[in-house]
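K.L.:
sequence and predicted structure are below.
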Amino acid sequence: MEDIIQNILQREVHFHFSKSWGHGGQNINKRETKAELYFNIHDSNYLTPEQKQRLIDWAGNMIHHQEGILIMTCQEERYQYANKEKVIHHFRQLLEEILPEPKNRISTKIPNAEREARILDKKYQSQKKQNRQNPSLDY
């Protein structure tokens with residue numbers, strides 16, 4: 001899995017840098033510190049069709065255009081390098097969530113103690129409702 005992520009980062013991810021808002025004083029007016037990561041999901045050679053679909057479903061509003069381009073941005077830090085490292089870290093986390101095949105849940109039997117507790121609760125509720133009824137006048 002780490003090999004796939006590394007290959008994607010080396011060959012299929014593109015970066016763009018622009019001016020950002022936030023920390024930096026006058027530097028924000030002249031330095032391009034905002035890092036944007038671009039990844040074309042549909043053209044990826046390293047992901048299976050199922051993984052691509054999971055990534056599209058998971059990423060949600062980070063997917064732009066009809067072509068399925070994932071755009072992740074970071075502008076929290078003062079330096080371009082730090083923002084680039086942060087956006088790569090977030091992209092790695094996203095891929096680590098998506099790449100493994102999700103496990104199917106195995107349905108289990110209800111434990112006997114839980115079943116007995118539910119039956120006792122039902123009996124208690126039934127008795128409570130019977131006690132609310134008017135007593136019969138038949139002798």
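P.N.:
That came through, no problem. Residues are numbered from 1 along each chain as shown.
K.L.:
for the residue nearest the centre of the chain, what are phi and psi?
P.N.:
Taking CA atoms, centre = their mean as the criterion, Trp58 is the residue nearest the geometric centre of the chain, at 5.4 Å. Main-chain dihedrals, Trp58, degrees, to the nearest 10: phi -70, psi -40.
K.L.:
just list the residues touching the closest residue to it other than its chain neighbours, thanks.
P.N.:
Leaving aside its sequence neighbours, Trp58 sits nearest to Ile98 (CB to CB, 6 or more residues apart in numbering; 5.8 Å). To be clear about C-beta, it is placed using only N, CA and C from the backbone, and glycine gets the same treatment. By CB atoms under 8 Å, 6 or more residues apart in numbering, the contact list for Ile98 reads 51, 54-55, 58.
K.L.:
show me what the lowest-mean-pLDDT helix or strand in the chain is packed against.
P.N.:
Here the helix or strand of the chain ranked lowest by mean pLDDT, DSSP states H and E is helix 2-11, holding a mean of 79. Contacts defined by 3 or more CB pairs under 8 Å, 6 or more residues apart in numbering; DSSP states H and E place helix 2-11 against helix 80-98.
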